[in-house]
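>>> return atomic coordinates for the entry below.
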Amino acid sequence: MKSGWNVLVKSTLILALIFGGSIVWAQTPDPRITALEEKAKTVKSYSADMSMTIEVMGNKMVTTGTFIYKNPQKTKMETEMDMGGMKMKQITVSDGKTAWTYQPAMNMVTKIDLEKVKAETQGEMPEKIGSDLSKAFNGLIDDSTSYVRSDTVDGVKVSVFQGTPEIKDAPNMPFTPAKIETWVGDNDGLLRKMIMFNDEGKEMMTQSYSNIKINVAVDDSYFEFTPPEGAQVIDMTESSINILKEMKGSGKE
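Numbers count the residues shown, from 1 in each chain. This next block holds a predicted model:
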C-alpha cells in the first residue's frame, strides 16, 4: 500500500508540473517547425479529450479525461487514472500562478505555488512539456529536433518530429526520457500526440489528444479553485523545487 501511495504522490506531482507550468524551454529554428508555430499563434484557447499512459517504477497508469486551456497558462483537467486495480478521479486546475490537484475519493488536495517555484529555480526549470498544445516543441534542445515523417491522427494530417529533451538523467525522478516524439497538426500547429522514450527506445509516456475545438469561449473563473471543506491540503511546492533543482543540476556538464 505504501508503494502504491508513493507512486500516486509522484504521479500527482508529475501531472501538476506538466499541466500547471509557465516557463518554456528553448525552441528549435527548423523552418518546418517555425511554420507550424506561426499557425499555432492564432489559437488562444481550446478544449480536447486526452489520454495519457505512464510507466512509473514498473506500474502502468492510464489517465483519460477532458482538457481545457486558455492563454496565458490557464488549464483545467477532469480525469480518471487507472493504476491497475485502483481507479482515481482527479481534477487538476491552474490559473498560471497556483496548480491544484483534487482527488474526490480521498478528499485530498495537493498544491504547487508556481510563482514560488519559478522564483526559487530562477526561471530555469524544465516543464510545460505537453501542457499547451500550441507549444508542441517545448522541452527540446534547439538543434536536436528533426522531421521524421508525415502521418495521421484521428483523420488529421500531422507532421512527426523527434528530438532530445534538454535534461535527460534527472536523479530520483520516476522517468527521464532520452527522446521525445511530437505529432503536430499540419493545419493548426497543435500537438496531437507525444511519446517519450527511454535509452532503449521503449515508450515511457504517451499523451494523445482528440476532439480538439479551437478558440472556445471560457471565462477566467473556470480556472479558479477553492479546496472543499474538510479536505486534506498537501503543499508540494518545496518538493517540486527540490526535484526541479535536481533535474537542472543533472543537465550541467
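>>> what segments of the stretch 1-150 of the chain are helices?
2-20, 31-40, 114-120 (DSSP state H, counting those that start in this stretch).
>>> the last one - contacts with which helices or strands?
With contacts defined as 3 or more C-beta pairs under 8 Å, 6 or more residues apart in numbering; DSSP states H and E, helix 114-120 has these neighbours: strand 98-103, helix 237-250. (C-beta placed from N, C-alpha, C; glycine too.)
>>> just give me the neighbour total for the residue lying closest to Lys44 once chain neighbours are set aside.
Residue nearest to Lys44 in three dimensions, not counting chain neighbours: Asn71, with 5.0 Å by C-beta to C-beta, 6 or more residues apart in numbering. Using other C-beta atoms under 10 Å, Asn71 is surrounded by 13 other residues.
>>> my guess is Asn71 contacts Tyr46. True?
No - using C-beta atoms under 8 Å, Asn71 is not in contact with Tyr46; the gap is 9.5 Å.
>>> what do these two both touch?
Counting by C-beta atoms under 8 Å, 6 or more residues apart in numbering, the contacts common to Asn71 and Tyr46 are Ser134.
>>> rank the helices of the stretch 1-150 of the chain by pLDDT, which is bottom?
Among these, helix 2-20 carries the lowest mean pLDDT, a mean of 47.
>>> am I right that Gly96 is in contact with Lys74?
Yes - using C-beta under 8 Å, Gly96 is in contact with Lys74, at 5.8 Å.
>>> who's more crowded, the two?
Each of Gly96 and Lys74 has its neighbours counted (other C-beta under 10 Å); Lys74 has more, 20 against 17.
>>> just give the nearest non-adjacent residue to the more buried one, would you?
Nearest to Lys74 is Phe223, by C-beta to C-beta, 6+ apart, at 4.2 Å.
>>> how near is that neighbour to Val43?
17 Å (C-beta to C-beta, to the nearest Å).
>>> residue contacts, the residue nearest to Lys74?
By C-beta under 8 Å, 6+ apart, the neighbours of Phe223 are Lys70, Lys74, Thr75, Lys76, Val93, Ser94, Asp95.
>>> turn these into CSV, including pLDDT and distance to Pro227.
Supplementary listing: the contacts of Phe223 in CSV, determined by pLDDT from 0 to 100; distance: C-beta to C-beta, whole Å:
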residue, pLDDT, distance to Pro227
Lys70, 94, 22
Lys74, 92, 19
Thr75, 91, 18
Lys76, 93, 15
Val93, 94, 11
Ser94, 92, 14
Asp95, 92, 14
